[in-house]
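S.K.: turn this into a model:
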Amino acid sequence: MRATRIYLIRHGQVANHHEYRYNGHFDVDITNTGVEQMHRVSDFIAEQKIDAVYSSDLQRTVKGARIIGKKLGIEPVMVRSLRELNLGRWEGLTREEAIAKYPEEALFSFKELATSKVKEGENLLELRARVIPALENILEKHAHQSVCIVAHGGVNRVVLSEAMKLSLDNFFSIEQDYGCLNIIDYLEDGMKVVKLLNGGPNQDMRPTEIY
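M.R.: Here you go, the predicted structure:
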């Protein structure tokens, strides 16, 4: 049975990672370490037969997609719907700054993010409602091909949760390190097989053969 294979990558380390800021749609760049992470994963991706490269339109994924695309000789396609979860008026702030600025939201917990949200932001159901159709469009366009997508931790968790039929209540049970690689096969009968989860440079990133 033939499959469509998705190489799903999280962007590299972001410039404000040490400040623990809520980035979401906040357009932060990646660090030199983040660039190195993208080069390492691109070395592996370059050994595969890749037909297309996608990313969100935020620079932290675009930069990684361009590093990979340059090595493959493929121009990346940017898809706005693959952006990270919109964190509304908390964008670019630390939790302390957000609570000081919006004390009425002091009790907000990300454990309730499936259905709750920061004002002007999204919850996980809304994130899934825009990410999964974008993914399905890519799968339809590249049926029986292999595609690389450079996205965000939240986007990746939604895609992986959907593939493994997990409730969004388990969203934070899926780790996604900077520069990690996930590999998912989408079979013709609708079955989805996660071949690699949160793979990194210190792990064997080679999955079993494609279906």
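S.K.: how about the contacts made by the closest residue to Gly179 other than its chain neighbours?
M.R.: Ranked by C-beta to C-beta, 6 or more residues apart in numbering and with sequence neighbours excluded, the top spatial neighbour of Gly179 is Gln37, at 3.0 Å. C-beta coordinates here come from the backbone N, C-alpha and C atoms, glycine included. Applying C-beta atoms under 8 Å, 6 or more residues apart in numbering to Gln37 gives the contacts Gly12, Gln13, Tyr178, Gly179, Pro201.
S.K.: tell me the secondary structure for the residue nearest to Phe110 when sequence neighbours are not counted?
M.R.: The spatial neighbour of Phe110 that comes closest, neighbours along the chain excluded (C-beta to C-beta, 6+ apart), is Phe172 at 7.3 Å. At Phe172, secondary structure determined by DSSP: H, G, I helix; E, B strand; the rest coil is helix.
S.K.: Phe172 and Lys111: what is the separation?
M.R.: As judged by C-beta to C-beta, to the nearest Å, Phe172 and Lys111 stand 8 Å apart.
S.K.: those two: which is more packed in?
M.R.: Ranked by neighbour count (other C-beta atoms under 10 Å), Phe172 and Lys111 place Phe172 first, with 13 against 10.
S.K.: what about the nearest residue to Asp57 once chain neighbours are set aside, neighbour count?
M.R.: Nearest residue to Asp57, sequence neighbours excluded (C-beta to C-beta, 6+ apart): Met78, at 4.3 Å. Residues within reach of Met78, counting by other C-beta under 10 Å, total 14.
S.K.: same question for Thr33.
M.R.: The burial count for Thr33: 14, using other C-beta under 10 Å.
S.K.: going forward, begin numbering at 21 instead of 1
M.R.: New numbering, starting at 21: the last item is Thr53.
S.K.: check what pLDDT it gets.
M.R.: In this model, Thr53 is scored at 97, pLDDT.
S.K.: distance of it relative to Gly32?
M.R.: Separation of Thr53 from Gly32 (C-beta to C-beta): 7 Å.
S.K.: list residues touching both of the two?
M.R.: Tyr198.
S.K.: which SS class is the residue nearest to Gly199?
M.R.: helix.
S.K.: for it, give its distance to Val213.
M.R.: Distance, Gln57 to Val213, by C-beta to C-beta: 25 Å.
S.K.: same question for Leu92.
M.R.: In terms of C-beta to C-beta, Leu92 sits 24 Å off from Val213.
S.K.: same question for Phe191.
M.R.: 21 Å.
S.K.: name the residues that touch stretch 104-113?
M.R.: By C-beta under 8 Å, 6+ apart, the list of residues contacting stretch 104-113 reads 41-46, 76, 78, 118, 121-122, 125, 133, 137-142, 144, 147, 172-175.
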